[in-house]
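K.L.:
Here is a sequence together with a model predicted from it:
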Number of protein chains: 2
Amino acid sequence: MTPSNSERPPEHELREPDEPQQPPLSVLLRNARRAVADHVRLALDEAGFADLPPNGPFVLSALAFGQAPHSEVISRLGVSKQAAGQLVETLVGRGYLERFPDPADGRRFTLALTVRGERAGTVVRSAAAQLEAAVEDIAGADGLRTAKQVLEAVIEMGAMDE
Amino acid sequence: MTPSNSERPPEHELREPDEPQQPPLSVLLRNARRAVADHVRLALDEAGFADLPPNGPFVLSALAFGQAPHSEVISRLGVSKQAAGQLVETLVGRGYLERFPDPADGRRFTLALTVRGERAGTVVRSAAAQLEAAVEDIAGADGLRTAKQVLEAVIEMGAMDE
DNA sequence: TGCAAGTAGTCAATAGACTTGACTATCATG
DNA sequence: CATGATAGTCAAGTCTATTGACTACTTGCA
């Protein structure tokens, strides 16, 4: 027996919810985020893009059909520039992205999707859009818009803590 | 110059949004989730619980003021039982949790919060509640309720892909 | 011009969390 | 009491992110 237990047994009872109350926002957000990510991941796997790393969909979406400076992708990702650099390197290595030097600034690079990257991006966007459409069918256009406004408010509140 | 660049420059322009359209749900969820997590993390750091791992708040909330079987915490976390076991081990080691053997079943363990764990749990819950209340001030009670319903719909849709 | 300071990005090492595969101990069923 | 299932751990490896230090380039100012 490896875990070190003390001898005293616990006292309280497991609480069971009397009413079907709504869970806290934090839990809902966590689970909803996971659900969307899983849905997108499933679509990617089926389409032959299983080697796209977890943050890949985010980069692909940020690039959409166009291009963007490396630095912008970094700042949108919300991770350290080193982590973003590694991710970009991986995506380049796996054929999703191309890197172009900025002609005006020798330090900078521009990122653009390859054909494969665009295809994967299409899968990401359509999977997300499909789920969003299904939610809209249930919640209605107004409900979805309201929900998005609330999410934007949450994001804004969070940004206020620095 | 380490990155391998090709010589051809990119063709398209960076698109800029003409209208302040709402971002896709997937992006909003990602960012909102991060905002909440950051907010909670900040509160924990300030309260002296900086050593709580990222998934710690979730476990603490799952335990609330009571106790729960290890297996239930595992299934709710949505990760492998090994990962959950590591997390629990860490939380025990850092004084947030205690493990008690189940008197009826020698294989099972019950988890309960220590005093420190309850304090940290209080911080987590109050930080989350504070943010939720602030959002409710902006969006209104109806808006928040609607948003939660939408999130639950998203979670349910995701569960349908297996 | 030329130097100082700031910015873009990389390198290297590491930490942290999760995964798979194999295993032990206990319980339930016949 | 033997077989199979379940709870949980051990061990090893992977993957992602972090920190700290560094190079290369640009900008601004004298």
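P.N.:
The structure has been received and is ready for your questions. Numbering: from 1, shown residues only, chains lettered A, B, ... in the order given.
K.L.:
Next to DNA strand C in this structure, residues from chain A, please.
P.N.:
Residues of chain A lying near DNA strand C by Cβ under 7 Å from any atom of the strand: A:1, A:69-71, A:74, A:81-82, A:85, A:88-89, A:99, A:102, A:105, A:107-109. Quick note: C-beta positions are derived from backbone N, CA and C, even for glycine.
K.L.:
could you pick out which of those residues are near chain B?
P.N.:
Of the residues in the residues of chain A next to DNA strand C, proximity to chain B by Cβ under 8 Å from any Cβ of the partner chain holds for A:89, A:99, A:109.
K.L.:
now check stretch A:113-120, is it near chain B?
P.N.:
No: Stretch A:113-120 stays clear of chain B (Cβ under 8 Å from any Cβ), getting no nearer than 9.9 Å.
K.L.:
anything in that stretch sitting right up against DNA strand D?
P.N.:
No: under the criterion of Cβ under 7 Å from any atom of the strand, DNA strand D is not reached by stretch A:113-120; the shortest gap measures 14.2 Å.
K.L.:
what's that stretch in contact with?
P.N.:
Here stretch A:113-120 makes contact (Cβ atoms under 8 Å, 6 or more residues apart in numbering or on different chains) with A:44, A:47, A:49, A:52, A:56, A:60, A:63, A:65, A:67, A:91, A:95-98, A:121.
K.L.:
Apply 10 Å and report the result again.
P.N.:
A:43-44, A:47-49, A:51-52, A:56-57, A:59-60, A:63-68, A:91-92, A:94-98, A:111-112, A:121, B:10 (Cβ atoms under 10 Å, 6 or more residues apart in numbering or on different chains).
K.L.:
So which of these are in helices?
P.N.:
Of the positions in these, A:43-44, A:56-57, A:59-60, A:63, A:91-92, A:121 sit in helices, assigned by DSSP state H.
K.L.:
mind listing what residue A:29 touches?
P.N.:
Taking Cβ under 10 Å, 6+ apart as the test, what residue A:29 contacts is A:23, A:151, A:154, B:28-30, B:32-37, B:128, B:147-148, B:151, B:154.
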